[in-house]
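Trainee: Sequence unavailable; structure follows:
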C-alpha cells in the first residue's frame, strides 16, 4: 500500500488550503521555493561577471550574454534595462542571464566595470 506521502504527491489543490506548490506541498501563499532557488543561485556565483558572444540556437543572430551578476531577478531586470539603453538595442533576462542583442562586449565590459563589477570576457 502506498504511503500517505506518495498519495499526496500528485495533489495540486486542496479545499482546505487552495492551490499547493508541487515541490514543497505547502499552500502557494506559504511557498518559499522560488526564494530558496534564488538564494542558491546567488551562493553559487564566484563574483566574476562573464561576458560572451553567442550565436548558437539563434539562426546566426549574435547576442551578448552576461552571466554571474550577483543580483536578484528584479535587480537583474533593472540592470538589463540600463544596459540595453546604453547599447541602444533590445534584450532580455532569462534564468539569471542577461542577453543583449548584437556584439557589445567592450561597451558592456566598460559599463559593468564602472559599476564596480569584476568583468571577464569569456568565449570567442
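Mentor: Noted; the coordinates are in hand. Since this is a predicted model, take the numbers as computed values, not measurements. Numbers count the residues shown, from 1 in each chain.
Trainee: neighbours of residue 81, just the number please.
Mentor: 13 (other C-beta atoms under 10 Å). All C-beta atoms are positioned from the backbone trio N, CA, C, and that covers glycine.
Trainee: And what about it, helix, strand or coil?
Mentor: Put simply, residue 81 is helix when judged by DSSP: H, G, I helix; E, B strand; the rest coil.
Trainee: Next one, pLDDT for it please.
Mentor: We have a pLDDT of 96 for residue 81.
Trainee: center of the protein - which residue?
Mentor: residue 96 (1.6 Å; C-alpha atoms, centre = their mean).
Trainee: Now that one. Nearest residue, chain neighbours left out?
Mentor: Of all residues not flanking residue 96 in the chain, residue 41 sits nearest, at 5.7 Å (C-beta to C-beta, 6 or more residues apart in numbering).
Trainee: That neighbour sits in which helix or strand?
Mentor: helix 33-43 (DSSP states H and E).
Trainee: by contact count, what packs against that helix?
Mentor: Contact partners of helix 33-43 among helices and strands, from 3 or more C-beta pairs under 8 Å, 6 or more residues apart in numbering; DSSP states H and E: none.
Trainee: which other residues reach the next helix or strand after it?
Mentor: Sequence order places strand 48-54 as the next helix or strand after helix 33-43, per DSSP H and E. Contacts with strand 48-54, where a contact means C-beta atoms under 8 Å, 6 or more residues apart in numbering, come from 62-69, 103, 105, 108-109, 112, 117-124.
Trainee: try it again with 10 Å
Mentor: 61-70, 97-100, 102-106, 108-109, 112-113, 115, 117-124 (C-beta atoms under 10 Å, 6 or more residues apart in numbering).
Trainee: Done for today, thanks.
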